[in-house]
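Q: Here's a sequence, model it:
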Amino acid sequence: MFARILLASLALVSLVADGYGQLRGTGNPRATTEAPSWRPAGEAVGPTAPAPTAGTAAAPASAPAGTPTAAGIRTATLPGRTPAAPAEAPRRPFAKVTNGNGSLPNEAGQVWREYDISPYTARVTTTQRPEQAIIDSILRETGYEAWHGEPLGILSASRKTLRVYHTPEMQNTVGELVDRFVSSEAETATFGLRVLTLDSPSWRSKAQRMLRPITVQTQGVSAWLLEKEDALALLADLQRRTDYREHSSPHLLVNNGQATVVSTVRPRQYAREVVLRPDVAAGHQAVLGQVEEGFLFDFSPLLSIDQKTIDATIRCDINQVEKLVPVVIEVPTPTAPRQRTKLDVPQMTHFRFQERFRWPTDKVLLLGLGMVAMPAPTDGKATVPGLPILGTAPARADLLVFVDCKGTGREAPRVTRQPDREAKTYRGRY
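A: Sure thing, here's the model as predicted:
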């Protein structure tokens, strides 16, 4: 009898120990576990619950204390304490990520240089980030690909320092550009910038003998260099034409290396959509849209150290609303089942030009952008004069741009402003 009681006690102790081991997650030592399998394609990536061991079942994470689980074991928490939320696992990346070897690659012989640009940036007050002009000039000269491929390159600028990591050859190019900014100390230069239009390009036949063509990359655009005396004579001859229109101030004061924007735009509203409104008398309401038509001219000059040549980036954007095409839609209401209203769809013309030029300061650059949309906002003109009922055609004009340097702030001649034919708007970059 005593032996039977002893055997029963040992069996009970073994069962209790086995259950306690399952509660602690150790499982039955006799049970086997399965190896983790691959994640199926398309399954969300994120933290997953640990796989339950054989013979046990994982308790739901949201199960309250004391709730029986699939294995019959109740979860419990200490009195007065709430279960701690599980820590969110870090994002599992798909790409292989390493910390590197702790140093910058220099297989191509890259070197680190820091340039003091404070003599330039300290004198520019027309923008909050004058160092951006230096960055833009370097990227235009060297190309964006030189800093985003092989070999590794770094280009960064603060208000006082330009930091560059690249090959010695690239450092020489960057150093020359930085010297062009720093040597002038943002000295103000006076440029003549005239944006004008003519209804006909016939002026070229008479002026051909004084024009010296230069290479242009943009299709349909021509460029010439003129002596300053010839440019004055040509401009005086154009001003005597009845179709002559000028769209900018004849003189601009520009910080060397900074951008100047000349623009003439006007907002134009139109009925874009219709929203049903039972609370209004008509039962609907028009939603207005707005487009801006006119022109924007961006001019960014940079003088050489000896001030004998000019590098200038010239950008011209023109938006013109040719006409508003009407569309009639039905907006029935209980009181007016056949009610209709009209929407407008803008028919627009866009002209975009951007190119960089280099020419001597003692010459005048003349750009002929071709027969493009009229820079000044216009409602069009009659196809046949005196007969507007035959329809209207969008205005087109031969767009010309005269650019010349009149000297720096110390040596710039005193200029007399001529009355503008149109209101002008000057806006800083960004």
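
Q: Helix or strand for Val325, just tell me which one.
A: strand 309-330 (DSSP states H and E).

Q: Indicate each strand paired with whichever helix or strand comes after that strand and its parallel or antiparallel sense.
A: Using DSSP H and E, the helix or strand that follows strand 309-330 in sequence is strand 340-360. Strands adjacent to strand 340-360 in the sheet, as given by DSSP bridges, are strand 309-330 (antiparallel).

Q: buried ones in the strand it pairs with?
A: For strand 309-330, burial by neighbour count (16 or more other C-beta atoms under 10 Å) applies to 309-324. Where you see a C-beta, it was placed from the backbone N, CA and C, and this is true even at glycine.

Q: can you check stretch 333-343 too?
A: Quick answer for stretch 333-343 (16+ other C-beta under 10 Å): Thr341, Leu343.

Q: Now the terminal residues of it, how far apart.
A: Terminal residues of stretch 333-343 lie 18 Å apart, using C-alpha to C-alpha, to the nearest Å.

Q: And stretch 86-100, by the same measure?
A: 32 Å.

Q: Average pLDDT for it, rounded please.
A: Averaging pLDDT along stretch 86-100 yields 84.

Q: related to what we said a few turns ago, what's the distance between the strand holding Val325 and the middle of its chain?
A: Centroid separation between strand 309-330 and its chain, computed with C-alpha atoms, centre = their mean, to the nearest Å, is 19 Å.

Q: Equivalent analysis for stretch 342-361, please.
A: Averaging C-alpha positions (C-alpha atoms, centre = their mean) puts stretch 342-361 17 Å from its chain's average.

Q: just stretch 253-272 next, same as before
A: 17 Å.

Q: what do you get for stretch 112-124?
A: Using C-alpha atoms, centre = their mean, the offset of stretch 112-124 from its chain centre is 25 Å.

Q: So this protein: which segments form each domain?
A: 111-184, 188-383+390-427 (automatic domain parsing).

Q: okay if I get the ones you listed as a markdown table plus distance to Arg92 and mean pLDDT?
A: Output for the domains of the chain, formatted as a markdown table (distance: least, C-beta to C-beta, whole Å; pLDDT from 0 to 100):
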| stretch | distance to Arg92 | mean pLDDT |
| --- | --- | --- |
| domain 111-184 | 28 | 93 |
| domain 188-383+390-427 | 44 | 84 |
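
Q: The ones you listed: which one's closest to Lys96?
A: domain 111-184 (18.9 Å; C-beta to C-beta).

Q: Next, the distance between the ends of the closest one.
A: End-to-end distance (C-alpha to C-alpha), domain 111-184: 27 Å.

Q: do stretch 157-173 as well
A: 16 Å.

Q: Identify the residues contacting that stretch?
A: Contact with stretch 157-173 is made by 104, 108-118, 121, 129-132, 134-135, 138, 141-142, 146-147, 151-156, 174, 178, as judged by C-beta atoms under 8 Å, 6 or more residues apart in numbering.

Q: Select from the residues you listed every entry located in strands.
A: Val111, Trp112, Arg113, Glu114, Tyr115, Asp116, Ile154, Leu155, Ser156 (DSSP state E).

Q: Only the buried subset of the contacts of stretch 157-173, as a PyMOL command please.
A: What follows is the PyMOL syntax selecting those of the contacts of stretch 157-173 that are buried according to 16+ other C-beta under 10 Å:
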select buried, resi 110+115+117+121+130+131+132+134+138+142+146+147+152+153+155+174+178
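
Q: Next, format the domains of the chain as JSON lines and append distance to Glu88.
A: Listed next are the domains of the chain as JSON lines, based on distance: least, C-beta to C-beta, whole Å:
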{"stretch": "domain 111-184", "distance to Glu88": "34"}
{"stretch": "domain 188-383+390-427", "distance to Glu88": "44"}
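
Q: who wins for proximity to Asn99 among those domains?
A: domain 111-184 (16.3 Å).

Q: Which secondary structure element is home to Ser183?
A: helix 168-184.

Q: Following that helix in sequence, what is the next regular element?
A: strand 188-198.

Q: continuing past that following strand, what's the next helix or strand?
A: In N-to-C order, the element after strand 188-198 by DSSP H and E is helix 203-207.

Q: which of the residues in that following helix are buried?
A: Per 16+ other C-beta under 10 Å, helix 203-207 contains these buried residues: Trp203, Ala207.

Q: Determine the set of other helices and strands touching that helix.
A: Where contact means 3 or more C-beta pairs under 8 Å, 6 or more residues apart in numbering; DSSP states H and E, helix 203-207 is packed against helix 228-239.

Q: What are the buried residues along the helix it packs on?
A: So, applying 16+ other C-beta under 10 Å, buried residues of helix 228-239: Asp230, Ala231, Leu234, Leu235, Leu238.

Q: Could you name the helices and strands sitting against it?
A: strand 188-198, helix 203-207, strand 363-373, strand 396-408.

Q: residues of the third one that come out buried?
A: This means strand 363-373. Buried, per 16+ other C-beta under 10 Å, within strand 363-373: Lys363, Val364, Leu365, Leu366, Leu367, Gly368, Leu369, Gly370, Val372, Ala373.

Q: what sits up against that strand?
A: 192, 201, 204, 211, 220-228, 230-231, 234, 312, 314, 316, 318-320, 349-351, 353, 357, 359, 394-404.

Q: Now with 7 Å, please.
A: Here strand 363-373 makes contact (C-beta atoms under 7 Å, 6 or more residues apart in numbering) with 201, 220-228, 231, 316, 318, 320, 349, 351, 353, 357, 359, 394, 396-404.

Q: Equivalent analysis for stretch 221-233, please.
A: Against stretch 221-233 from outside (C-beta under 7 Å, 6+ apart): 210-214, 216, 234, 353, 357, 359, 362-370, 402, 404.

Q: what's the span of it, first residue to last?
A: First residue to last in stretch 221-233 (C-alpha to C-alpha) measures 23 Å.

Q: roughly how far out does that stretch sit from the chain middle?
A: The answer for stretch 221-233 is 35 Å, by C-alpha atoms, centre = their mean.
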